[in-house]
Structure formats: C-alpha cells, structure tokens
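S.K.: I need the structure of the sequence given here:
(chains A and B)
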Amino acid sequence: GQQLNQSPQSMFIQEGEDVSMNCTSSSIFNTWLWYKQDPGEGPVLLIALYKAGELTSNGRLTAQFGITRKDSFLNISASIPSDVGIYFCAGQGSNQGGKLIFGQGTELSVKP
Amino acid sequence: ETGVTQSPTHLIKTRGQQVTLRCSSQSGHNTVSWYQQALGQGPQFIFQYYREEENGRGNFPPRFSGLQFPNYSSELNVNALELDDSALYLCASSRGQGTYTEQFFGPGTRLTVL
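M.R.: Numbering: from 1, shown residues only, chains lettered A, B, ... in the order given. Modelled structure (predicted):
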C-alpha cells in the first residue's frame, strides 16, 4: 500500500540529546499528524498540523508542516528514557475519505 | 472521557476461518476507521465508517467487511482468513469524517492466523 518516506528508520541517542525525524511524500497533504506507539499498544496522537508552514509545539515536541505540503518534521528536545518508542508520521489528502497514510516509523532508543 | 476500546485483545484462528473484531469509539466521536498493522510496518487503512455507511476504502479485498451501529461502535469482519492476515488490527475514532479530523486509536487486536 501507499506509504510516506520516513527517516531515519532508527535512532540510538543519549539521554538529554535532541532528536529530529522527518517525512516526505510525493503527494500534497492537507493534514499532517505525528503519533507515538509503544510495544503492544495503539498509536497515541502527539501533534496535529493543518496549515502549510505551521509550527506547533507540545511540551518538548515541535513539529512543522512543510511549505510544499509534501513534508513534515518532528523534533524532540532534551530526550528522556520514556521517549523510547516508535514514532509515525501520517498524512491526510483531500478526497481521501478520511484515510490516513502512514510512514514506516522511526524507532527511538534512549540510553540513560 | 472514555477512550477507544477494542475487543478481544488477542485472537488465534486457523486459515479459512472467519473473525469479528469490535471497537467502541471515543465519547463524542461518530466516525470509525480500521487499520491493519503488520509487524515492523506503519498502519494501512482498511476502511472508514460514518453514519453507518462505508465512507472510504483502502486496498483490501471484499472479504474484509465492516459495520457501524447507531451508537457509533463498529465491527470488522474478515472471511476466509489467510496467513498474511496475521497483524495488529487498529480502530480509530474521530469527530467527523474527511480531512482536518484527528483520529484517536484504540490498543488494537492482535490476530494470529495459523
């Protein structure tokens, strides 16, 4: 099925470091969403973006909706051990019946 | 506010059998979407239900079908199970359908087909 290109696939960082991950698409999206998924759980919504150029923060998390509407990034500042998990970007296009298209995920590991 | 709930948590079936998975939407949400997540992959959209009608469908065969009830809860039915149907099945609810809506996910049902 159709997927976004999400990178990197995995990251191993030290506690306290900043993290950056991004998503690109060949299609224009109207909405970008970022989720975090822990093992055996469903994805949890972190940030939703609705406008090109929009920059939104949620605590230590900051995400931006790219100007071209074909990309988005997520930054995590001062990482902590509980940030460990898989982060997914998801996009919604117009006339898609509410369908979310997901990236393949970025697996984050944080060393205390 | 009650979140999205799914049942059962785990299920083991054999090839050729049929399965029904259930989802209760978050309070105040009238739209339910179903996704299939294979191991190591992002979720793939199966279909969405709004006002008890299918409102969009992904690239899944007709043996994947669904229902939405007047209380907005939903079922996913899969007939003639195949080994590749083994996956985590996620339900997400939202307030309204279409773009510009945030989808909130349940914990999923882990289906294993032997």
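S.K.: Point out the residues in chain B that sit beside chain A.
M.R.: Counting by C-beta under 8 Å from any C-beta of the partner chain, the residues of chain B close to chain A are B:4, B:6, B:31, B:33, B:35, B:40-45, B:48, B:50, B:55-59, B:90, B:92, B:94, B:97-108, B:110. All C-beta spots, glycine's among them, are computed from the backbone N, C-alpha and C.
S.K.: Tell me which of these fall in strands.
M.R.: Judged by DSSP state E, the subset of those located in strands is B:6, B:31, B:33, B:35, B:44-45, B:48, B:50, B:55-57, B:90, B:92, B:94, B:104-105, B:110.
S.K.: Just the buried ones from the residues you listed?
M.R.: B:6, B:31, B:33, B:35, B:44-45, B:48, B:50, B:55-57, B:90, B:92, B:94, B:104-105, B:110 (16 or more other C-beta atoms under 10 Å in any protein chain shown).
S.K.: What is the subsequent helix or strand relative to the helix or strand bottoming out on mean pLDDT in chain B?
M.R.: Sorting the helices and strands of chain B by mean pLDDT, DSSP states H and E puts strand B:53-57 at the bottom, at a mean of 91. Using DSSP states H and E, the helix or strand that directly follows strand B:53-57 along the chain is strand B:64-68.
S.K.: mean confidence for that following strand?
M.R.: Across strand B:64-68, pLDDT averages out at 97.
S.K.: Next up, the contacts around A:Gly105.
M.R.: Contacts of A:Gly105 were listed using C-beta atoms under 8 Å, 6 or more residues apart in numbering or on different chains, and they are A:Gln6, A:Gln9, A:Gln37, A:Ile86, A:Tyr87, A:Phe88, B:Gln41, B:Gly42.
S.K.: Just the buried subset of the residues you listed, please.
M.R.: Once neighbours are counted (16+ other C-beta under 10 Å), the buried part of the contacts of A:Gly105 comes down to A:Gln6, A:Gln37, A:Ile86, A:Tyr87, A:Phe88, B:Gln41, B:Gly42.
S.K.: Out of those residues, name the two that are farthest from one another.
M.R.: Greatest spatial distance among the buried ones among the contacts of A:Gly105 (C-beta to C-beta): A:Tyr87 and B:Gln41, at 14.1 Å.
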